[in-house]
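Novice: Sequence and predicted model, in that order:
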Amino acid sequence: MSAILPPSERLWIKHPIDRVEGTWIVIALTWCLIMFAMMVGWHIWGTQNLSTETYRTTPEKFTAAAQAMVDKYTVRTETDQKTPVVAPPPGSDVYLLARLWNFWPILELEKGKTYRLHLTAMDYNHGFSLQPANINIQMVPGFEHVVTVTPNQSGQYSIVCNEFCGIGHHQMVGRLYVK
Ligand code: CUA
């Protein structure tokens, strides 16, 4: 058989399998299964695989919840836009929204305390990239990701948008404090 002439037996399924080809199929299949098992295993043993809950939401519903938290627990304002810095009590539900082109509000959490962090986007897809911890979550309009977080290091963190969201994408940076 050559690559120029058509094969004598036109049905490829009837060709005998070469030993090398068979070996590679077995190697590839085994590797696929290992990779698949790693996805599950890494979720259990990896340190940065978040178990998120997801719910449907609307900008109105989410804004109302975030506004209620801001009204109750704002401790000061920062930046030129007078962004509220909110220090909600440990164990509470904490809301952070993304929109063109900022994160709102600024959160101030306590080290070693657990919070339920709710994330959504008001308009387009945005990214929640917590630096320098390098935790990455998508912020998707219409959906609310709930992540249970227990900050283990105090300091000032930056939240960087890592989904391209237009002309102001590179300036879309938020702030998070851990006391
Ligand atoms: Cu928001 Cu990029």
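Specialist: Good, I have the coordinates.
Novice: any idea how this structure splits into domains?
Specialist: 8-45, 52-178 (automatic domain parsing).
Novice: The last one near the ligand at all?
Specialist: Yes. Using CB under 6 Å from any ligand atom, we find that domain 52-178 touches the ligand at 98, 101, 126, 161, 163-165, 169, 172. No exception for glycine: its C-beta is placed from N, CA and C like everyone else's.
Novice: Determine how far that domain lies from the middle of the whole chain.
Specialist: 12 Å (CA atoms, centre = their mean, to the nearest Å).
Novice: same question, the first one
Specialist: Between the centre of domain 8-45 and the centre of its chain there are 31 Å (CA atoms, centre = their mean).
Novice: follow-up on the earlier one: would you show me how to pick out the buried ones of the residues of domain 52-178 next to the ligand in ChimeraX?
Specialist: In ChimeraX, this line selects whichever of the residues of domain 52-178 next to the ligand come out buried by 16 or more other CB atoms under 10 Å:
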select :98,101,126,161,163,165,169,172
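Novice: Give me the subset of the residues of domain 52-178 next to the ligand that lies in strands.
Specialist: Among those, DSSP state E puts 98, 126 in strands.
Novice: Output the residues of domain 52-178 next to the ligand in JSON lines, with pLDDT and distance to Gln67 appended to each entry.
Specialist: Formatted as JSON lines, the residues of domain 52-178 next to the ligand follow (pLDDT from 0 to 100; distance: CB to CB, whole Å):
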{"residue": "Ala98", "pLDDT": "95", "distance to Gln67": "15"}
{"residue": "Trp101", "pLDDT": "93", "distance to Gln67": "20"}
{"residue": "His126", "pLDDT": "96", "distance to Gln67": "19"}
{"residue": "Cys161", "pLDDT": "96", "distance to Gln67": "22"}
{"residue": "Glu163", "pLDDT": "95", "distance to Gln67": "24"}
{"residue": "Phe164", "pLDDT": "95", "distance to Gln67": "28"}
{"residue": "Cys165", "pLDDT": "95", "distance to Gln67": "22"}
{"residue": "His169", "pLDDT": "95", "distance to Gln67": "25"}
{"residue": "Met172", "pLDDT": "94", "distance to Gln67": "21"}
